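Enquirer: For reference, the sequence and a predicted model appear below.
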Amino acid sequence: MGDQDATYDAVIIGAGHNGLTAALLLQRAGLRTVCLESKRYAGGMASTVELFDGFKFEIAGSVQLPTSAIVSKELGLDTLPQVDLEVMSVSLIDEGVEPLIYYTDLARAADHMEQVHGIEVVLGMAEMMGWSAAPTRALGRFEAGTLPKSLDEMYACASTDAERASITEMLFGTASDVLDRYLPDKQKHAALRGMLAFLAVNSTYRGPASPGSAAALAYGMAVPDENTVLTKKIKGGIGVLTQHLEAQYTEAGGELRLEATVSEIAVADGHITGVVLAGGERITTTSVVSAVAPDLTLNELVTAGVVDAGLTSRLSGIDHRGSYVQMHFALDGVPEFAAPYEFLNDPAMEGAIGFFATPEDLQRQFEDSRRGIVPETPAVAFQIPSAADPDLAPPGKAAASAFALWFPVEEDPAEYARLKAEMGQRVIDRITRFAPNFESLILKHTTFTPKHMGTMFGAPGGDYCHGLIHPELLGPYRPGPRGYVDQPHDIAALAVLQGELLD
């Protein structure tokens, strides 16, 4: 517990992976810091939590996304224990669609695609990766320590007319248009099209045929280079990553305070004077780093009237609408998949299984959800992490999680509980269709909606991206540490984090 009216060189708000990273680097730089977390544990959405006795779950994020090698080395992320995955994911739709197995070994993955799905799928994927190359550079997807690019700077990343066209399509086009161009066979390419459509929209509030959905497709398809550490599945769950950061921070002399909710970032004459906690305690500082969403930080935490009204209005327009449910299951054993999916009974196949929908169905389901209709067969990203990491569940049991689209978030709030129950059952039904004993194995389960995520983690609308992956919220249109590039907040020594290490 900190001293009453203590003074620090810097206060960091939020002890998720971004907040702990900032706190660690500032403490290492010689500043006296305190990191304030409103919850009873650090980690935020990058936490492994024992929701039920003996069953541990990655409560939101589950993988460390491709990370700049500079960042990885600086934070020691390359030392974290990894789960050795033979298969990164399996994509399915229904009995009429050949499953797509995405092996971790890229040569094996390409061989599977060619042998089972045809050489045109391999060529189509290669062309799509080529299409995403210029947008990757334009978005600075794997860069460290750089500011967002202006539109002119984005287009300067292109060296050919085709690359300029791909940047334009990233900004204004649809994911469906890109898929139809490179993977046009809706039957033969169905599993891959379904997986990529899901990838394109799960961090958006748009269907794959909605203008602007190509941005998230390009973002998700970005191919790391030699300066990037690839996607990792961490042994013990994603919480090991934040525990690693927390340990380094405290070893460096930093102070972590839990159950410390900030009610105000006090500002006078354009300068930070301190922060005030919910209980009234004041902590004196001249510097604050906030890992809370930019609009919440500037519009709700900063002293009222300090932020320019024009900036407040612009921040208020950020789209945070999450449209998903996140479910966690304590199971009395491992589900048994029935023919023709018995190959999924191999634990190597159970790290990530996608029960997806065609892009066309996914678009229809999105449009239906906006009218309050729960999808009959929701697209589900399902995983049984205890299959490869048995310490996550008691002996003989299994821990499983599911992330599913689309939850009707625009419906009357009075209908929320009914819709939550309906959506949760539809997810269970979808999984049980492939593994008939799944529902009977459920000992306990919980369903988190976007509203729950907002309450638990301060993620407005359940948005785990601090602003959805929409083109109007990328590049110069995404607020950074000082606000927008063309509209800064002008508060000295206040930085608002925008970062991503996980999904």
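Expert: Structure's in. What do you need?

Enquirer: Now do the same contact list for the closest residue in space to Leu494 that isn't next to it in sequence.
Expert: Using CB to CB, 6 or more residues apart in numbering and skipping residues adjacent in sequence, the residue nearest Leu494 is Val288, 5.3 Å away. C-beta: built from backbone N, CA, C; applies to glycine. By CB atoms under 8 Å, 6 or more residues apart in numbering, the contact list for Val288 reads Ala10, Val11, Ile12, Ile13, Ile265, Ile272, Val275, Ala493, Leu494, Ala495.

Enquirer: between those residues, which has the most around it?
Expert: Ile12 (31 neighbours; other CB atoms under 10 Å).

Enquirer: May I ask you to confirm that that one belongs to a strand?
Expert: Yes - membership of Ile12 in a strand is supported by DSSP: H, G, I helix; E, B strand; the rest coil.

Enquirer: Quick check: the residue nearest to Leu494 vs Glu360, distance?
Expert: As for Val288, its distance to Glu360 is 47 Å (criterion: CB to CB, to the nearest Å).

Enquirer: now Met154
Expert: Per CB to CB, Met154 is found 30 Å from Glu360.

Enquirer: Who has more neighbours out of those two?
Expert: More crowded of Met154 and Glu360, by other CB under 10 Å: Met154, with 24 against 16.

Enquirer: Could you tell me which residues make contact with that one?
Expert: Met154 makes contact with Ala138, Leu139, Ile167, Gly475, according to CB under 8 Å, 6+ apart.

Enquirer: What number of residues are in the vicinity of Val49?
Expert: When neighbours are defined as other CB under 10 Å, Val49 has 16 of them.

Enquirer: Ends of stretch 73-92, what's the gap?
Expert: 36 Å (CA to CA, to the nearest Å).

Enquirer: Strands along the stretch 151-300 of the chain, start to end?
Expert: 228-229, 255-257, 262-268, 271-277, 282-285, 288-290 (DSSP state E, counting those that start in this stretch).

Enquirer: if we can go back for a sec, what's across from the residue nearest to Leu494 in the sheet?
Expert: In this structure, Val288 bridges to Val11, Leu494 when assessed by DSSP bridges.

Enquirer: any idea how far it lies from Thr303?
Expert: From Val288 over to Thr303 (counting by CB to CB), the distance is 12 Å.

Enquirer: Mind listing the shared neighbours of these two?
Expert: Counting by CB under 8 Å, 6+ apart, the common neighbours of Val288 and Thr303 are Ile265.

Enquirer: what about Val71, is that helix, strand or coil?
Expert: Recorded secondary structure, Val71: helix (three-state DSSP).

Enquirer: roughly how far apart are Gln27 and Leu256?
Expert: From Gln27 across to Leu256, the span is 11 Å (CB to CB).

Enquirer: Mind checking which of the two has more residues around it?
Expert: Of the pair Gln27 and Leu256, Gln27 is the one with more neighbours under other CB under 10 Å, namely 24 against 20.

Enquirer: residues in contact with the more buried one?
Expert: Counted by CB under 8 Å, 6+ apart, Gln27 has contacts Thr33, Tyr249, Ala252, Gly253, Gly254.

Enquirer: Recalculate using a threshold of 10 Å.
Expert: 9-10, 12, 33-35, 248-255 (CB atoms under 10 Å, 6 or more residues apart in numbering).

Enquirer: Which helix runs longest in this structure?
Expert: In the chain, assigned by DSSP state H, the helix with the most residues is helix 119-139.

Enquirer: mean confidence score for that helix?
Expert: When pLDDT is averaged along helix 119-139, the result is 93.

Enquirer: Likewise for stretch 434-452?
Expert: Averaging pLDDT residue by residue across stretch 434-452 gives 96.

Enquirer: Can you point out the buried residues in it?
Expert: Residues of stretch 434-452 classed as buried: Phe434, Ala435, Phe438, Leu441, His445, Thr447, Phe448, Thr449, Pro450, Lys451, His452 (neighbour count, 16 or more other CB atoms under 10 Å).

Enquirer: cool, and stretch 89-99?
Expert: Under 16+ other CB under 10 Å, the buried positions of stretch 89-99 are Ser89, Val90, Ser91, Leu92, Ile93, Val97, Glu98, Pro99.

Enquirer: Give me the distance between the two termini of that stretch.
Expert: Stretch 89-99 has an end-to-end distance of 10 Å (criterion: CA to CA).

Enquirer: just stretch 23-34 next, same as before
Expert: Taking CA to CA as the measure, stretch 23-34 stretches 8 Å from start to finish.
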